[in-house]
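following is a predicted model, sequence given first.
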Amino acid sequence: MAQKTYAGVTVEVNEEGYFTDPSQWTPEIAKEIAAEEGVELTDKHFEMLEYLRNKFNSGDALSIRGINKSGIVDVKTFYGMFPGAPLKKSTKIAGIPKPSSCV
């Protein structure tokens with residue numbers, strides 16, 4: 001396993017940079033990962049990150065369809081918040097493993 005340091009905290013990550021221990025995540029770490037990904041976090045971003053973390057912690061599968069049903073944002077807005085590969089970027093910033101639905 002690799003390690004990265006964000007906000008003065010060393011965390012364990014896999015070869016793609018996703019956390020192997022989601023409990024190490026903090027909002028300060030999220031801001032640094034987001035900056036690396038070219039995303040500036042707003043309150044709405046943090047609301048979505050918490051949603052993703054809660055879904056992951058409850059064992060639910062994460063998907064774009066689920067994001068649309070979240071009641072937080074619609075799919076178009078989600079793509080605008082995390083441009084490029086939104087589910088991959090958002091889960092990385094949220095400190096959870098990449099969903100199996102992402103290639």
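Okay, I see it.

quick one: least confident helix or strand in the chain?
Using mean pLDDT, DSSP states H and E, helix 64-68 stands out as the lowest-scoring helix or strand of the chain, at a mean of 89.

may I see the buried residues of the helix or strand that it is followed by?
Counting by DSSP states H and E, the next helix or strand C-terminal to helix 64-68 is helix 75-81. Across helix 75-81, burial judged by 16 or more other Cβ atoms under 10 Å covers 78-79, 81. C-betas here are computed from N, CA, C, even on glycine.

give me the contacts around helix 75-81.
Applying Cβ atoms under 8 Å, 6 or more residues apart in numbering, the external contacts of helix 75-81 come out as 39, 44-45, 48, 64, 67-68, 73, 86, 90.

sec struct for the residue nearest in space to the middle of the chain, please.
The centroid of the chain falls nearest to Thr91 when counting by Cα atoms, centre = their mean (2.4 Å). Under DSSP: H, G, I helix; E, B strand; the rest coil, Thr91 falls in the helix class.

try Thr5
What three-state DSSP gives for Thr5 is strand.

which non-adjacent residue is nearest it?
Nearest residue to Thr5 in three dimensions, chain neighbours excluded: Val11, at 7.5 Å (Cβ to Cβ, 6 or more residues apart in numbering).
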